[in-house]
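In: The following block contains a protein sequence and its predicted model.
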Amino acid sequence: MTTNQCDKIKKEKFVQKGIEVYQFPGRKISAKNILQVLKDKEVSSIFVEGGSEALGTFVDEKLVDRVFVFQAPIIVGGVSSIGAVGGRGVKFIKEALQFKKPKIILFGDNIMISTTVK
């Protein structure tokens, strides 16, 4: 899935390989539009592994029902660092995405939190 501003040559390479390419108008694709296309294709579950902006879009649109958070044993901070989840965010803590019965699993020195959303 891409916008109508995508690289036409790259798009054509996918099409030539038999891959369906869905184009949407504008500079950004709504998560709801993505899910509608997938629903029409009878896809009932997806795993969104993306950057800050992609994850933030799904959180902002309240389209998240399960979360997997992975934490490596490092801290990358900095004033100009990109957060793990972008988007608009919330004004008040009570509006934040809340976890229900999180499970913590260790993979060596890495941590995974697996949870559903309230």
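Out: Done, it's in. Numbers count the residues shown, from 1 in each chain.

In: burial count for residue 27?
Out: Number of residues near residue 27 (other Cβ atoms under 10 Å) recorded here: 8. Glycine gets a C-beta too; all of them are placed from N, C-alpha and C.

In: How about the secondary structure of it?
Out: When classified by DSSP: H, G, I helix; E, B strand; the rest coil, residue 27 comes out as coil.

In: what's the spacing between it and residue 48?
Out: Distance check for residue 27 against residue 48: by Cβ to Cβ, to the nearest Å, it reads 19 Å.

In: what ranges do the helices span in this protein?
Out: For the chain, the helices defined by DSSP state H cover 8-16, 31-40, 52-60.

In: Give me the contact list for the first one.
Out: I take that to be helix 8-16. Applying Cβ atoms under 8 Å, 6 or more residues apart in numbering, the external contacts of helix 8-16 come out as 2, 21, 23.

In: returning to what we had before: single out the most deeply packed of the helices of the chain.
Out: The highest average neighbour count among these, using mean count of other Cβ atoms under 10 Å, belongs to helix 52-60 at a mean of 18.

In: got the angle for that one vs helix 31-40?
Out: 80 degrees (axes from the mean of the first three to the mean of the last three Cα atoms, to 10 degrees).

In: For helix 52-60, output the C-alpha coordinates as CSV.
Out: The C-alpha trace of helix 52-60 is given here as CSV (Å, rounded to 0.1, in the frame of the first residue of the first chain):
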residue,chain,number,x,y,z
SER,A,52,7.1,5.7,15.2
GLU,A,53,4.7,7.3,12.7
ALA,A,54,3.0,4.0,11.6
LEU,A,55,2.5,2.8,15.2
GLY,A,56,1.3,6.2,16.3
THR,A,57,-1.4,6.2,13.6
PHE,A,58,-2.9,3.0,14.8
VAL,A,59,-2.8,4.1,18.4
ASP,A,60,-4.3,7.5,17.6
